[in-house]
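Participant: Give me a 3D structure for the following:
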Amino acid sequence: FDISGAGTVSSDPVPFDANKTNPAGTYHGFSCYVNSIQMADTITATFHYSDNQTIEKQYSVKQYIETFDANQNLFDEYTKNLVKALADYGHYVQAFLAESRGWTLGEGDNSYAEMDRFYQNGYDHATIADSLTEKKYVREFHDPNIVKAPYSVILESATTIAVYFTPADGFNGDVSASVDMNNEAALTRQPDGRYRVEIANIPAHELGENHSIRVYTGENCFKEGVYAAYTQVNVSAMSYVYSILTADAYANNTAAKNAVSSLYAYWQAAAAYKDAKNN
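Facilitator: The predicted structure is shown next:
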């Protein structure tokens, strides 16, 4: 897969998987992962077969949404809401990043194509913030060896939450972590001395799911069923949405608020779709 825009990105070759087909088994599938700002960029898929023969097709997420527009009568309300929320998410996140990073969309080979197909004209930021009060980021420090625990949310083709635990000056002991109580988690030491714990590959319908991360140091290290002194954070992707919508620093930043609000709406639509398909 080759993706146009911002310098053109080429994926590694995607291997053939005989089990990856449509329900009828008549088509074989290959996946190309794009992020929110690439929804209008052209994806060129090159299928290699037989003796060095190829077939090439071009498509984009935006083109899919335009096709959806022309065929909405074929879909149920949950699917319609999800596709529209996806389009809005691509539009508002791209608009925010363009504003904050000084991009000019749709101009030149090194720019992203503009995601100008969307449905929602703004959001009620205050109402969304009120609905997310229980999702706010919570930190508990019960271990003097850890002094800070900021976090970030990475919105790529899959969503990742990363929490960074800062050890106290002079601490050089053992460190371990658990996620959601009894699941031991990997820790990555950063160049600045902090420890990073990730919750990766969060699907859209689980963006509001809270996770508890605990970090233990020295003799208090994680052991199954044993909880001594620890540092704990409670976080979800919606914690980030709540933070932006309620932070004084973003009080007048409509682009940022619309971007995170579109993520909230995308989560709501994805969760409703998932529930409807499971019932």
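Participant: Just checking, which helix or strand succeeds the helix-or-strand element of the chain with minimal mean pLDDT along the chain?
Facilitator: Within the chain, no helix or strand scores below strand 9-10, which has a mean of 77 by mean pLDDT, DSSP states H and E. The C-terminal neighbour of strand 9-10 among helices and strands, as given by DSSP states H and E, is strand 43-49.
Participant: Can you list the buried residues in that next one?
Facilitator: residue 43 (16 or more other C-beta atoms under 10 Å). C-beta: built from backbone N, CA, C; applies to glycine.
Participant: now the angle from the helix or strand following it to strand 43-49?
Facilitator: Remark: after strand 43-49, the chain's next helix or strand is strand 53-59, criterion DSSP H and E. Strand 53-59 and strand 43-49 are oriented at 160 degrees to each other (axes from the mean of the first three to the mean of the last three C-alpha atoms, to 10 degrees).
Participant: Now do the buried residues in strand 53-59.
Facilitator: So for strand 53-59, nothing qualifies as buried (16+ other C-beta under 10 Å).
Participant: which residues touch that strand?
Facilitator: Applying C-beta atoms under 8 Å, 6 or more residues apart in numbering, the contact partners of strand 53-59 are 42, 43, 44, 45, 46, 47, 48, 49.
Participant: I'd say residue 40 and residue 116 touch.
Facilitator: Yes: counting by C-beta atoms under 8 Å, residue 116 is a contact partner of residue 40 at 7.3 Å.
Participant: the more surrounded of those two?
Facilitator: The neighbour count for residue 40 versus residue 116, taken as other C-beta atoms under 10 Å, is higher for residue 40 (23 against 14).
Participant: Please report how far that one lies from residue 145.
Facilitator: 48 Å (C-beta to C-beta, to the nearest Å).
Participant: swap in residue 111?
Facilitator: In terms of C-beta to C-beta, residue 111 sits 46 Å off from residue 145.
Participant: More neighbours: those two, which one.
Facilitator: Between residue 111 and residue 145, counted using other C-beta under 10 Å, the more crowded position is residue 145 (20 against 17).
Participant: how far away is the closest residue to the more buried one other than its chain neighbours from residue 147?
Facilitator: Setting aside the residues directly before and after it, residue 145 is nearest to residue 217 in space (C-beta to C-beta, 6 or more residues apart in numbering), at 4.0 Å. Residue 217 sits 11 Å away from residue 147, taking C-beta to C-beta as the criterion.
Participant: any residues in contact with both of these two?
Facilitator: residue 167.
Participant: who has more neighbours, those two?
Facilitator: residue 217 (23 against 14).
Participant: quick one: contacts for the more buried one?
Facilitator: 143, 145, 146, 167, 171, 173, 174, 175, 229.
Participant: gap between the last one and residue 218?
Facilitator: Noted for residue 229: a distance of 9 Å to residue 218, by C-beta to C-beta.
Participant: in the stretch 101-250 of the chain, which spans are strands?
Facilitator: 138-141, 146-148, 151-155, 159-167, 175-179, 183-185, 188-189, 195-202, 211-217, 231-235 (DSSP state E, counting those that start in this stretch).
Participant: Quick one: list the elements packing against the second one.
Facilitator: I take that to be strand 146-148. Strand 146-148 sits against strand 159-167, with contacts defined as 3 or more C-beta pairs under 8 Å, 6 or more residues apart in numbering; DSSP states H and E.
Participant: Thought residue 65 was touching residue 86, still the case?
Facilitator: Yes: Residue 86 lies in contact with residue 65 (C-beta under 8 Å); the separation is 7.4 Å.
Participant: Tell me who's in contact with residue 111.
Facilitator: With C-beta under 8 Å, 6+ apart, residue 111 has these contacts: 5, 6, 103, 104, 105.
Participant: how about a cut-off of 6 Å?
Facilitator: The neighbours of residue 111, taking C-beta atoms under 6 Å, 6 or more residues apart in numbering as the test, are 104, 105.
Participant: How about the residue nearest in space to the middle of the chain, nearest residue that isn't a chain neighbour?
Facilitator: In the chain, the centroid-proximal residue (C-alpha atoms, centre = their mean) is residue 159; its distance is 2.4 Å. Leaving aside its chain neighbours, residue 159 sits nearest to residue 202 (4.3 Å; criterion: C-beta to C-beta, 6+ apart).
Participant: Right, I'll call it a day here.
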